[in-house]
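Novice: okay, sequence plus prediction incoming.
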Amino acid sequence: VLADPNTPTPSFDVPVFKDPAHTSADLEFTLTVTGPGGPVRATLPVHVNAVAVPVARAGADQNAFFGQRVTLDGTLTKGAATYSWRQIAGPPVTLDHGTTVRPSFTFPGASTTLDFELTATNAVGVSATSTVSVSGIRDALTVTRALISGAPATWTVSGTSKVRSLANTITVYDGPDDSG
């Protein structure tokens, strides 16, 4: 459909091809000029190639420790001119560089899951979305030394952790199992 067909410079919207089997179209326009000598017609063929419909891929789900820097990864997205990420679930975080293919944030806590949505938009405004989840994992504490000394008994426990945090706790049980 022509916009402003009765002007010297009409325009039309290029069709969007959502079916991968159709990647182009041949359009035909007829120009009719009326004046002395009668109407004159000319036909103008126009070949239109498809602009790819984007395929959004927000990447694989991830796991993260408290305080860990997490990078989302939309690099497998195809046909996008722009990227936009938004958080759709979980405690709010600040998403750095949310209009890039690889934004990042700091994971807030071990017992939560955050969901993000990637919207990939092509050059003509057609969009596709994909989601990814980032789930918290508890830090693995490794005890390298446990010592009881003195009266009353004083425990000294040393070890390592993947995350340095005040949220790390160690529980010591007195007995053959964790029943106390």
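Specialist: Alright, I've got the coordinates. Residues are numbered from 1 along each chain as shown.

Novice: grab the most central residue of this structure for me.
Specialist: Leu118 (3.1 Å; CA atoms, centre = their mean).

Novice: partners of that one in the sheet?
Specialist: Trp85, Ser130 (DSSP bridges).

Novice: that one against Thr75, yeah?
Specialist: No: the pair Leu118 / Thr75 is not scored as a contact, 10.8 Å apart, by CB atoms under 8 Å. No exception for glycine: its C-beta is placed from N, CA and C like everyone else's.

Novice: got any residues that touch both of these two?
Specialist: Among the neighbours of Leu118, none is also in contact with Thr75 (CB atoms under 8 Å, 6 or more residues apart in numbering).

Novice: name the nearest residue to Ser158, sequence neighbours excluded.
Specialist: Arg145 (4.3 Å; CB to CB, 6 or more residues apart in numbering).

Novice: ugh, wrong one, I meant Leu72
Specialist: In space, Leu72 is closest to Pro103, 5.4 Å off (CB to CB, 6+ apart).

Novice: how about the contacts made by that neighbour?
Specialist: Contacts were defined as CB under 8 Å, 6+ apart; by that measure Pro103 touches Thr71, Leu72, Trp85, Leu95, Asp96, His97.

Novice: can you classify the spatially most distant residue from the centre of the chain by secondary structure?
Specialist: In the chain, the residue that sits farthest from the middle, by CA atoms, centre = their mean, is Gly37; the gap is 62.0 Å. Put simply, Gly37 is coil when judged by DSSP: H, G, I helix; E, B strand; the rest coil.

Novice: how far away is it from Leu31?
Specialist: Between Gly37 and Leu31 the distance, using CB to CB, to the nearest Å, works out to 15 Å.

Novice: so Gly90 sits against Thr113, correct?
Specialist: Yes: using CB under 8 Å, Gly90 is in contact with Thr113, at 5.8 Å.

Novice: out of these two, which sits in the more crowded spot?
Specialist: Higher neighbour count among Gly90 and Thr113: Gly90, with 18 against 13, using other CB atoms under 10 Å.

Novice: how far off centre is the worst-scoring helix or strand of the chain on mean pLDDT?
Specialist: Between all helices and strands in the chain, the lowest mean by mean pLDDT, DSSP states H and E belongs to strand 154-160, at a mean of 80. Counting by CA atoms, centre = their mean, to the nearest Å, strand 154-160 is centred 42 Å from the centre of its parent chain.

Novice: same deal with stretch 46-65?
Specialist: Worked out by CA atoms, centre = their mean, stretch 46-65 lies 10 Å from the chain centre.

Novice: end to end, how far does that stretch reach?
Specialist: Using CA to CA, to the nearest Å, the end-to-end distance of stretch 46-65 comes to 56 Å.
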